[in-house]
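Enquirer: Based on what follows, work out the 3D shape:
(one chain, ligands or ions: 3)
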Amino acid sequence: MTLQLRVYVPPHPLIKHWLAVARDATTPSVLFRSAMTELGRWLTYEAIREWLPTMDTEVNTPLSTCPATFINPEIPIAVIPILRAGLSLLEGAQTLLPLSSVYHIGVVRNEETLEPSIYLNKFPSQFHSETRVVITEPMLATGGTIVTVMEELTKRGIDPAFVRIISVVASPVALQKLNVAYPGLVIFTAAIDEVLNDKGYIVPGLGDAGDRTFGT
Ligand SMILES: O=P(O)(O)OC[C@H]1O[C@H](OP(=O)(O)OP(=O)(O)O)[C@H](O)[C@@H]1O
Ligand SMILES: O=c1cc[nH]c(=O)[nH]1
Ligand SMILES: [Mg+2]
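Expert: Numbers count the residues shown, from 1 in each chain. Ligands and ions are numbered 1, 2, ... in the order given. Below you'll find the predicted structure:
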C-alpha cells in the first residue's frame, strides 16, 4: 500500500469564522489570541475523531448493565506546541485532551535564509512507542520548521502514523515537503493558501502568527 499525506480542511462554520477573525489585519492581539484558541479547539476536535484510543467495557447504570466506551488512559497522549506561534493553539487543544503531556520545542526561522533552528527542546530521550502526538503549528510555510520537528520526534521513537498536525494556514510547498518525508501524516488545517512570497510568508495568510499572538 502506498502511503499518502492526508490533509483535511474541515468545513465547519466556527473554523471559518475564527479564521476570518485571525486573517483580518485590524484584529488586535487580544482578539487574535481568542481566535487562535478557538481554532485550536475546533481543529483538535476534528483531528481526534477516530484517532483517540478508546476501550470498550461495561458500566452499571442505575437500572441495568450497559456497554460503554472510555478513552484508554494507558496510551500516552503528547501535545507538541512549536514555539512561539504554536502556543496560540495549545489551550484549545489541551481542553480536549486534559490527560495529555505537553512537550515544548522552540524553533525560529532565519529571516534571510528561512532555515529553521532549534533553541529549546523539552522532548524526552525516548517516547513510549504507542504515544499519540498532536503538533500545534499554525503556519506551514516552506515546511522547514515542521519537518525539523518531525525529525526530532521520529528519532525519539514516535511513529508518524500516530501524529496529527493542527495548523491554521498551510502552503502547498510545505504539504509537498511533508508528503515526501512523512507520507503517512495527517494534517488538519483551517485553510490552504497557494502563494509563498519571497520572504517566506504565506499570502494571503494571516501575517506573522508569533508576533500577532504576543503583540511584538
Ligand atoms: O514552514 P516554515 O517556513 O518553516 O515557517 C513556519 C514557521 O515560521 C514561523 O515561526 P517564526 O520563525 O516566525 O517563529 P515564531 O513562531 O517565534 O514567530 C511560524 O510560527 C512557523 O513556526
Ligand atoms: O506567513 C507566515 C509564514 C511563516 N510564519 C508566519 O508566522 N507567517
Ligand atoms: Mg514569527
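
Enquirer: Tally up the residues packed near G205, please.
Expert: If you count neighbours by other Cβ atoms under 10 Å, G205 ends up with 21. Just so you know, the C-beta spots here come from the backbone N, C-alpha and C atoms, and that holds for glycine as well.

Enquirer: In what element of secondary structure is it found?
Expert: Following DSSP states H and E, there is no helix or strand that holds G205.

Enquirer: Could I get the contacting residues of it?
Expert: Contact analysis of G205 by Cβ atoms under 8 Å, 6 or more residues apart in numbering lists R23, M139, V169, D193.

Enquirer: Wait, the second one touches V169, no?
Expert: Yes - counting by Cβ atoms under 8 Å, a contact exists between M139 and V169, whose distance comes to 6.0 Å.

Enquirer: These two - which one has more neighbours?
Expert: The residue with more neighbours, out of M139 and V169, is M139; 28 against 23, by other Cβ under 10 Å.

Enquirer: Helices of the chain, residue ranges please.
Expert: 13-23, 29-47, 87-96, 144-154, 172-181, 209-214 (DSSP state H).

Enquirer: Identify whichever of these lies nearest to P81.
Expert: P81 sits nearest to helix 87-96 of all the helices of the chain, at 4.5 Å, using Cβ to Cβ.

Enquirer: Show me what the closest one is packed up against.
Expert: Contacts defined by 3 or more Cβ pairs under 8 Å, 6 or more residues apart in numbering; DSSP states H and E place helix 87-96 against helix 29-47, strand 77-83, strand 132-136, strand 163-170, helix 209-214.

Enquirer: ok, for G40, nearest residue in space, not its chain neighbours?
Expert: Leaving aside its sequence neighbours, G40 sits nearest to G92 (Cβ to Cβ, 6 or more residues apart in numbering; 2.8 Å).

Enquirer: For the one you found, which residues are in contact?
Expert: M36, T37, E38, L39, G40, R41, W42, L43, T44.

Enquirer: For the residues you listed, give me CSV that also has distance to ligand 1, pLDDT and neighbour count.
Expert: Output for these, formatted as CSV (distance: Cβ to the nearest ligand atom, whole Å; pLDDT from 0 to 100; neighbours: other Cβ atoms under 10 Å):
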residue, distance to ligand 1, pLDDT, neighbour count
M36, 11, 98, 29
T37, 16, 98, 19
E38, 18, 98, 20
L39, 14, 98, 28
G40, 14, 98, 29
R41, 19, 98, 20
W42, 20, 98, 23
L43, 16, 98, 32
T44, 18, 98, 24
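
Enquirer: Please list which of those are also close to ligand 3.
Expert: Among the contacts of G92, no residue is within reach of ligand 3 (Cβ under 5 Å from the ion).

Enquirer: From ligand 3, how far off is the residue of the chain found nearest ligand 1?
Expert: In the chain, the residue that lies nearest ligand 1 is G210 (2.1 Å; Cβ to the nearest ligand atom). Separation of G210 from ligand 3 (Cβ to the ion, to the nearest Å): 3 Å.
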